[in-house]
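Student: Need the 3D shape of this:
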Amino acid sequence: MARRASFQPQNDPKAPPQGCAAPDCGKPGEFRAPKDRALREYLWFCLDHVRQYNAGWDFYRGMGAADIESSLRADTGWQRPTWPLGRLGGMRLDPEAVADPLGILRDTGLHQKRRAPQPNVEAPPELRAALGLLELAWPLDPATLKTRYKELAKRFHPDANGGDRRSEERLKDINRAYSLLRQRVGRAEPAHAG
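Tutor: Next comes the predicted model:
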């Protein structure tokens, strides 16, 4: 039958031999307990009295709500300075390294897609409006077209915008532009190993 372990305070082997700090206790003080919030000075108790002391110990006793909040915030960063992501050195997240299928980072400015510079080739006149609507450059490959369409369809879908009629109309325009460009660019053909 397995025995259940219970927590027992451990005595400090480096503790100087001294008596229990509780009044009228003659037992040796083998267990230390913090004297105050600084956690630099300790009181030494016997096992029974350290349990009583710890049961009544409250690190936040005497602190106001703002002080408690400040202490908790400092503890989340291990009392070391922290900065919001992206404030130092103009850091940007690498879009290839961070998947953002829900578009959470889209409006933060941290996740900006880098488009490879394209040769200065002018788009056919009949495709310029569709390319402008989808914010794409010419020449265009099918994978880029499909990825951009999915991003915009998620962003402007009426279900994602509380049934907003303007976003519904925008999605219709996006669908028409995608259909026109897909016909012209063609669908991506799967690579065959030969």
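Student: Strands of the protein, residue ranges please.
Tutor: Secondary structure of the chain (DSSP state E): strands at 31-34, 42-45.
Student: In CSV: these, plus distance to residue 180.
Tutor: All C-beta atoms are positioned from the backbone trio N, CA, C, and that covers glycine. As requested, the strands of the chain are exported to CSV (distance: least, C-beta to C-beta, whole Å):
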stretch, distance to residue 180
strand 31-34, 72
strand 42-45, 76
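Student: if you compare the ones you listed, which one is most tucked away?
Tutor: With neighbours defined as mean count of other C-beta atoms under 10 Å, these peak in mean count at strand 42-45, which reaches a mean of 20.
Student: So what touches that one?
Tutor: Strand 42-45 is contacted from outside by 15, 18-22, 25, 29-35, 53, using C-beta atoms under 8 Å, 6 or more residues apart in numbering.
Student: Write the PyMOL selection for whichever of those are buried.
Tutor: Buried members of these, defined by 16 or more other C-beta atoms under 10 Å, are picked up in PyMOL with:
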select buried, resi 20+21+22+29+30+31+32+33+53
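Student: Residue 78: which of the contacts of strand 42-45 is nearest?
Tutor: Using C-beta to C-beta, residue 34 is the member of the contacts of strand 42-45 that lies nearest residue 78, at 18.5 Å.
Student: That closest one reaches residue 57, doesn't it?
Tutor: Yes - assessed by C-beta atoms under 8 Å, residue 34 is found in contact with residue 57 at 7.3 Å.
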